[in-house]
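J.: quick one: sequence and predicted model below, then my questions.
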Amino acid sequence: MAKRERVMRMSVELPLWRALSAYRVLTMLYAIGLFVTATSRFAHPWVAVGYYAVLFVWTLATLPRVANAANCTKRFLAVDLAVALTGILLTPVAVTRHSIMDGGPTLPSIWTAGSVLAFAIKGGWRWAAFASTLVAGANLVERGAPTRDTVHNVILVWVASIAIGYVVEVARASELTLARALEIEAATRERERLARDIHDGVLQVLAMVQRRGSALGGEAAELGRMAGEQEVALRTLVSGGLLPVSRVSEDAALGAVVRAVEEPDDDGRPVDLRVLLAPYATARVTLSEPGAPVPLTPVAARELAAAVGAALDNVRRHVGESARAWILVEDEPDTVIVTVRDDGPGIPEGRLAQAEGEGRLGVALSIRGRLRELGGAAELISVPGQGTEVELKVPKV
């Protein structure tokens, strides 16, 4: 079945850029509103009108620049900060001296904070400290002397911008760590899926060739020996696996990227589990099922049927071709339960752990691994001399 690559992007920065865009527009309108409602404090209002015209055009024209980190270049940040600093330094020219001494707002007012925040989101707390220090210097020059209100506002902008810059750096590092963890999880699940397919096919064939070759003798015995060596080597590779390679975003502005290979759910319509289990019924395998359909998602039905097949393979391999087995399907309100039971001698205590240590992962991967990915569970009950029972539970979605 064809598989597709699912790409998931995670970015903690994009919401911040959107908020910054809205902040710049609102504070620009606020600064212009202050001018309109308090024209009496302006000694040269045409200086303010010219500056606000530039601020209005600049804010709206540069909205795409503050849409993400890629568009927000160093050159843009420098010009944007220059616009804010120019407005602060033009304030003594535009307003009366009395307004300055009373602690009136500068021409850009709180719009200046948006320019500083752009530095913080783009480059972290160090960039924020640089920009806020320049703003602090311009405010001191505009006031002529460090007043209590000026110092208070300067410290507030300085601390807030540095804090936001630091939070952005921490969030960015956490984002990459989470992307790495999800990438490892996706790669591990894909490796387990491949390991199950190999176990259900190639390893079973190699084991059969080894047994038949040893029984026939001669050149067939040599072929069986070689097949046995390849089986051991392949089991070692499957149990060890390869470490997944961490992938990061090709474009840092879009956040971290996680790629996962997934199987499509066909057309998404439920599948009757009984149809997939029917081929397992033989003269020595009895299938007991409900009279009504047992609907499951295509993936769940296929994986559950494959787990039943793996359990029957274990019966034939460890008990013998003449062994009898029974399959019981139970359709509960929230769960589908399939039980596979045989009449063999049972499994000695500790044998499963020993088999996993030897790289024989039939139960671990072909059965439990499949059920774990579906949110289900597999329980194995074996009493020496009384056979083995495997109970497979899959939740309905």
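T.: That came through fine.

J.: any chance you could map the strands in the stretch 201-350 of the chain?
T.: Applying DSSP state E, counting those that start in this stretch to the stretch 201-350 of the chain gives strands spanning 256-262, 271-272, 285-288, 295-296, 325-331, 335-342.

J.: okay, those strands in JSON lines with mean neighbour count next?
T.: Where you see a C-beta, it was placed from the backbone N, CA and C, and this is true even at glycine. JSON lines is the format used below for these (neighbours: other C-beta atoms under 10 Å):
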{"stretch": "strand 256-262", "mean neighbour count": "17"}
{"stretch": "strand 271-272", "mean neighbour count": "18"}
{"stretch": "strand 285-288", "mean neighbour count": "16"}
{"stretch": "strand 295-296", "mean neighbour count": "20"}
{"stretch": "strand 325-331", "mean neighbour count": "18"}
{"stretch": "strand 335-342", "mean neighbour count": "20"}
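
J.: do you know which of the ones you listed lies nearest Ala306?
T.: Counting by C-beta to C-beta, Ala306 lies closest to strand 335-342 out of these; the figure is 11.5 Å.

J.: what does that closest one rub up against?
T.: With C-beta atoms under 8 Å, 6 or more residues apart in numbering as the test, strand 335-342 has contacts from 273, 277, 294, 296, 304, 307-308, 311-312, 315, 319, 323-330, 376, 387-396.

J.: generate a ChimeraX selection restricted to the buried entries among these.
T.: To isolate the buried members of the contacts of strand 335-342 in ChimeraX, using 16 or more other C-beta atoms under 10 Å:
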select :273,277,294,296,304,307,308,311,312,315,319,323,325,326,327,329,376,387,388,389,390,391,392,393,394
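
J.: what packs against the helix or strand that contains Ala84?
T.: Ala84 is located in helix 74-94, with elements delineated by DSSP states H and E. In terms of contacts (3 or more C-beta pairs under 8 Å, 6 or more residues apart in numbering; DSSP states H and E), helix 74-94 is packed against helix 45-61, helix 111-123, helix 125-143.

J.: show me how far stretch 73-80 is from its chain's centre.
T.: 32 Å (C-alpha atoms, centre = their mean, to the nearest Å).

J.: same question for stretch 316-329.
T.: The chain centre lies 41 Å from the centre of stretch 316-329; the measure is C-alpha atoms, centre = their mean.
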